[in-house]
Structure formats: structure tokens, C-alpha cells
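got a predicted structure here, sequence first:
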Amino acid sequence: MAAMHPRTIVHIDLDCFYAQVEMVADPKLKDKPLGIQQKNIIVTCNYPARARGVHKLMYINKVPKVCPDLIIRDGSNLKRYREASEKILDHLRGWTPEVERLGMDEFFLDVTHMVADEQEKMEKKLDFVGHVYRGETLTLIETQTRNESHVPSCTAKVHHCRCGCYQRLMTGSHIAQRIRTSLYQTLGYTASAGISVGKMIAKLSGELKKPNQQTTMLPAYIDGFLAPLRVRKIPGCGYSTSKKLASLGIETVTQLRNLSKQKLIKAVGAQIGGRLHDLAFGLDTSHVVATVREKQMSEEDSFKSCTAIDDVALRILSILRPLLERVRMRFQKHGDLPSTLRLTIRDRLSHQKTEQSKINTSGGAYFTTRTSRQTTIPLGFFHPENKKQEGYCVDHLMKLFFKMIPRKNQRFHLTLINVAVARFQAFGGAGKLGKQHGIDSFFIQSPTKTAPSSEDNIPTTRMAHLEHVKHTTDATRISQTARKRKFKTPPSFFRPRPPVQCTSGERAPQPERRQPAEQPVEPEPVTAEEIDALYITAARVTP
DNA sequence: TGGGGTCCT
DNA sequence: AGGACCC
């Protein structure tokens, strides 16, 4: 007979991840209250800080009252956190290839095979390690087998599953413990873990005991554990879905169980509805999908105000540089390049009305929506050999910006800029191509998209392609165009500039100091002619 | 509320 | 292209 709970899933959650990265790098911090700041917020903090009343996503100006001696580290540069996350991912892959990452600090491991291997070796465990949900009940049941008279009658009603999952989870708890120990001994990181027969329940179990502990959830207890939870606790049931459910009077899992699947699907859609219905009963067949590489990479910056085109270009450039650096690093390591470039903005002015209506319709908070435009770029544009890629990208991104702010004299008030690259494809790995393909095939355009400029020929060789890149990228081409149009001054963002000051660096004011107003990028004055030139350039290049 | 990321519609 | 979700 097939086992009802055949899998063993471990969910690993690094404790207060950003703070821990800082503490591992600088052990002096370990026992002191530590917070990680991004903009005006403590995004995370270590446990000593939590004991003092600091919590995640706390406004920095609340800090002095609860913890004036909080040590603050700037967390706006994610590089070291990314690197730490990669190391951890690699380490976990040493235990099993079936590792799925969620965010930077959470991992699902399907340890089913490890459990089977261990059981085959006759290494059956006789007890769990770490916490077991309602473990005290468990003890009572064991007592019961020895001496029935001492056991309260209610515990006798817990029937453990006989499919073998009990033994497997026991073994799983030991595997989880070993993994956590090795993580600490090799990399210095502590983590909490949940062990159960499905992803969702493993994740929820791990939250039960939190820093540096683990909890196993046996199937017999899943229903009872889930029943009183708010639906919002279920992974996948977020802000919006839980509001929709609340409007139907559904706030807990028990209430959710009593809603027919059909009604649920009608309320929140087939995908979420179907899954939510199953999850309410603890039914979770979703698989651990081994994480490969990111499918997109982005950098963003948020700020109080950006209202000038020149400022937009400057900020785009300061975002772009670290992004391109990441693209280069990835290319070195994996040999792939992106072929999509995307610009996303948050513009207060274009969403003012929407905000009002959203408040009225949904009755709650809203998030100022983002707007994006993306373009397809020939794969080789991001090749490190393309020295002009920075200018080229700014050119393209400004073009995308003008698609969103199309009219001259249209005012805007940006509060966020995000630049993303996506659609990574192997580049230059001729040896890996099928025989019918040569390296030339890398430059054949996707049929669904056109080249950036229709007048350009599609290059068919690598060198020709790079030449093409050079020509179409060259900022001077734009400048010359601007001159031809009789604008003496080329758009200012094409001129060489001093290194961009990372204004979003707007770096970590210490808590005792008053929040200085955000230091704006000092925009170079932009003339009417320059703006004209920008719009003309954009119009010329934009189809 | 940050600065990421994923998948679905 | 946007929405909703995750951290």
C-alpha cells in the first residue's frame, strides 16, 4: 500500500538573516542589540535587540525610545547578504540537490531520499530530536502503552498515522539537526527548521520555536494545528486574498474549510482558491523545485522626490552600474546574458486619482502602483566586451521612461526607480550548441521582437554584432543627432560626469540624530533646449 | 515600510 | 504590463 505521507520536507529559516550576516562578519556585535537599516527603517534586528522591543520594519525614529544603544548597520547594499545566501544554498546542496530557496534566508529541502537511505542502513532512530508539536501528548501516549491507568482519556484519541511517516519524520528530525549543526560549524549561521510531510506545514512548523531550534509536525496533529489559524497565516493567502475572504466572513482556517471549493474559487480565482481549499485541510502536494539561478536581476532605489529628467538619468545611472556589475559576474560564472531590459517607476502624480479610488473601493491601505516598460535587447549587448553598454543602457532606459511620461511638459514625481534585466540565455558556449547551430545563431533576433532600430541590420557574426553594438550604443551618436537638430548642448546625461554619489546612500543617520532630510542628488540645471533634445531623441528612437 | 525576488492573469 | 505573493 502506498504511503499516505511519503515525503519528508525540511524548511530551514536563517535567524534574522541580515543581522546574522553582520554578526558573523563581526563577532563583537554578537551579544549587543543590532539593527539593519534601509532608508528610514530597521528592516531586521538580532534577538538582543528584539528583547529590547525593536522589531522588523520599525521606523528608525521609534528606535531611541525603546533602545537608544541599538547598534545600526547600513543594509542598503545587499551584496554581502546575497553572497552569504549563495554560500548557504551551496552548503545545503551538499546535503541534497533538492533545495528550493525562498527569498534570501529560507530554504525547502526534500529529504525523502536521505531518509530512505538512512532507514535502509538500519539506522532507525528511537526518538525525535528537537521539538515535536504537542510533544507532551506524545510522551503521554508512550506512557499509555506502558501503564494505561495514568493517562487522561483525551490523549487516547490521538491516532498516529501508520503509513510509516512517523518513523520517517523521526529520521527527518535527525537529518534536520545535522544540517543545522553543519551549517553552524562550517559557515557560522544558525537557523530554525520545520520538519513535516509537506512544504507549507514544514514552514509553519518551523515558526513555532524560533531562534536556532526545530519543530517536527506529525500528520496526526496537522488538522488541529491549522484549525484556529487566521487564513492570512497560510502561505499564498496574502493581503488581498485575506481581505476578499474577510468580506465573506472568513477569517480562520476552520471557516475556510466550511466554504465550498466552488465558492472559494469564485471569490479568489481557480489557482489560489483550489490551493487554499486543499491547504486548509493540510493537503499540500507542491514539490520542492530545485533553485537554479535567478530568472531576473534588478536594482532599485526609493526616495522622496525626483521630478527632473536630469535627475532621472542620474539615478538610473547609479542604479545601473551595480546591476551591470552583477550581470558581468554572473556571465563569468554561468556564461549567460539577459535579453530583456526593464524600467519600473513609482510616480505619485500619475497615480493620485487611483490612490483615492483604491482607498474607497478596498477600504484599506494601498500601495502606490508601479509602472513598467521593457524592451528586448540582442543578447550580446551585455557582453563585457561591449564597452559602451553603460551609455547604451541609459539611452534605452530613458527611452523607456519617455514611454511612460510621454508628453513634453508632463510633470512627474517619482519615488522609486527600478532597473531589471531578465530572460537570461546562454551566450558564447558554442560547444554546447547543437550541430546545426553555430555561434551565429546567438544573434538571430527573437521573432516576436524587433531590433532596437529598424534600420539596423541584424548582425550575424559575433564580431559584426559587437560592432553593431558599438555603433548603436555610442552616446556620441545621440549627441551628434542632437547637434544636427541644432541643439548646441547634448542632453546632459550623455556628458561625462563625476562619479555618481549614491544619493540613496542617504545613508544611515544614527538613531540619536534627527532624521536629516533626504539629500537630493544635486541635479545639474537642465535647460529647456536639453529637455527638447531629450524628447526629440526619444521620439526619434522610439518606434 | 526596503530592496529584492516568483508566478499568475 | 500589472497584480499578488514571498522574504
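Cool, the structure landed. The structure displayed is predicted, hence computed values, not measured ones. Numbering: from 1, shown residues only, chains lettered A, B, ... in the order given.

so who does the closest residue to A:L414 other than its chain neighbours touch?
Using C-beta to C-beta, 6 or more residues apart in numbering and skipping residues adjacent in sequence, the residue nearest A:L414 is A:C306, 4.1 Å away. (Glycine included, C-beta is placed from N, CA and C.) Contact analysis of A:C306 by C-beta atoms under 8 Å, 6 or more residues apart in numbering lists A:V312, A:R315, A:H413, A:L414, A:T415, A:I417.

swap the cut-off to 7 Å and go again
Counting by C-beta atoms under 7 Å, 6 or more residues apart in numbering, A:C306 makes contact with A:V312, A:R315, A:L414.

do the same with A:C161
Contact partners of A:C161, counting by C-beta under 7 Å, 6+ apart, are A:M4, A:H5, A:P219, A:A220.

can you select the buried ones from these in PyMOL?
To isolate the buried ones among the contacts of A:C161 in PyMOL, judged by 16 or more other C-beta atoms under 10 Å, type:
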select buried, chain A and resi 5+219+220
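
about what we covered before: just the contacts of A:C306 now: which is nearest A:Q177?
Checking the contacts of A:C306 against A:Q177 by C-beta to C-beta gives A:R315 as the nearest, at 47.3 Å.

tell me the SS of the residue nearest to the closest one when sequence neighbours are not counted?
Excluding the flanking residues, the one nearest A:R315 by C-beta to C-beta, 6+ apart is A:I417, at 5.3 Å. Recorded secondary structure, A:I417: strand (DSSP: H, G, I helix; E, B strand; the rest coil).

show me which residues of stretch A:402-416 are buried.
Those would be A:F402, A:K403, A:M404, A:I405, A:F412, A:L414, A:T415, A:L416, for stretch A:402-416 by 16+ other C-beta under 10 Å.

do stretch A:384-392 as well
Within stretch A:384-392, the residues that count as buried by 16+ other C-beta under 10 Å are A:N386, A:K388, A:Q389, A:G391, A:Y392.

from A:L320, how far off is the third one?
Translated: A:Q389. 9 Å (C-beta to C-beta, to the nearest Å).

can you list the residues of the stretch 151-300 of chain A near DNA strand B?
A:G269, A:A270, A:Q271, A:I272, A:V289, A:E294, A:K295, A:Q296, A:M297, A:S298, A:E299, A:E300 (C-beta under 7 Å from any atom of the strand).

hmm, which two among the residues you listed are most spread apart?
A:A270 and A:E299, at 34.9 Å, using C-beta to C-beta across these.

quick one, which of these two is more surrounded?
A:E299 (20 against 11; other C-beta atoms under 10 Å).

can you list the strands that the helix or strand hosting the more buried one pairs with?
Per DSSP states H and E: A:E299 is located in strand A:296-306. Paired neighbours of strand A:296-306 in the sheet (DSSP bridges): strand A:414-426 (antiparallel).

wait, does the partner strand contact DNA strand B?
Yes. Using C-beta under 7 Å from any atom of the strand, strand A:414-426 comes into contact with DNA strand B via A:N418, A:A420.

quick one: contacts of that strand?
Against strand A:414-426 from outside (C-beta under 7 Å, 6+ apart): A:295-304, A:306, A:312, A:315-316, A:319-320, A:323, A:327, A:335-348, A:379, A:397, A:432.

around DNA strand C, pick out the residues from chain A.
Residues of chain A lying close to DNA strand C by C-beta under 7 Å from any atom of the strand are A:13, A:102-106, A:203, A:234-242, A:342, A:369-374.

now list the buried members of these.
Buried among those (16+ other C-beta under 10 Å): A:D13, A:M104, A:D105, A:E106, A:K203, A:I234, A:C237, A:T241, A:S242, A:R342, A:R373, A:Q374.

as JSON lines, those residues with secondary structure, pLDDT and distance to A:I36 would be great.
Formatted as JSON lines, these follow (DSSP: H, G, I helix; E, B strand; the rest coil; pLDDT from 0 to 100; distance: C-beta to C-beta, whole Å):
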{"residue": "A:D13", "secondary structure": "strand", "pLDDT": "98", "distance to A:I36": "17"}
{"residue": "A:M104", "secondary structure": "coil", "pLDDT": "98", "distance to A:I36": "12"}
{"residue": "A:D105", "secondary structure": "coil", "pLDDT": "98", "distance to A:I36": "12"}
{"residue": "A:E106", "secondary structure": "strand", "pLDDT": "98", "distance to A:I36": "17"}
{"residue": "A:K203", "secondary structure": "helix", "pLDDT": "98", "distance to A:I36": "23"}
{"residue": "A:I234", "secondary structure": "coil", "pLDDT": "98", "distance to A:I36": "28"}
{"residue": "A:C237", "secondary structure": "coil", "pLDDT": "98", "distance to A:I36": "28"}
{"residue": "A:T241", "secondary structure": "helix", "pLDDT": "97", "distance to A:I36": "29"}
{"residue": "A:S242", "secondary structure": "helix", "pLDDT": "97", "distance to A:I36": "28"}
{"residue": "A:R342", "secondary structure": "strand", "pLDDT": "98", "distance to A:I36": "27"}
{"residue": "A:R373", "secondary structure": "strand", "pLDDT": "98", "distance to A:I36": "32"}
{"residue": "A:Q374", "secondary structure": "strand", "pLDDT": "98", "distance to A:I36": "31"}
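
tell me where the stretch 101-250 of chain A is predicted with low confidence.
Scanning the stretch 101-250 of chain A for pLDDT under 70 picks out the ranges A:123, A:140-157.

in it, which residue sits closest to DNA strand B?
Residue nearest to DNA strand B within the stretch 101-250 of chain A: A:G103 (4.6 Å; C-beta to the nearest atom of the strand).

residues contacting the closest residue to DNA strand C within the stretch 1-150 of chain A?
Residue of the stretch 1-150 of chain A nearest DNA strand C, by C-beta to the nearest atom of the strand: A:G103 (3.0 Å). Residues near A:G103 by C-beta under 7 Å, 6+ apart: none.

any idea how far A:P406 is from it?
Relative to A:P406, and taking C-beta to C-beta, A:G103 is found at 36 Å.
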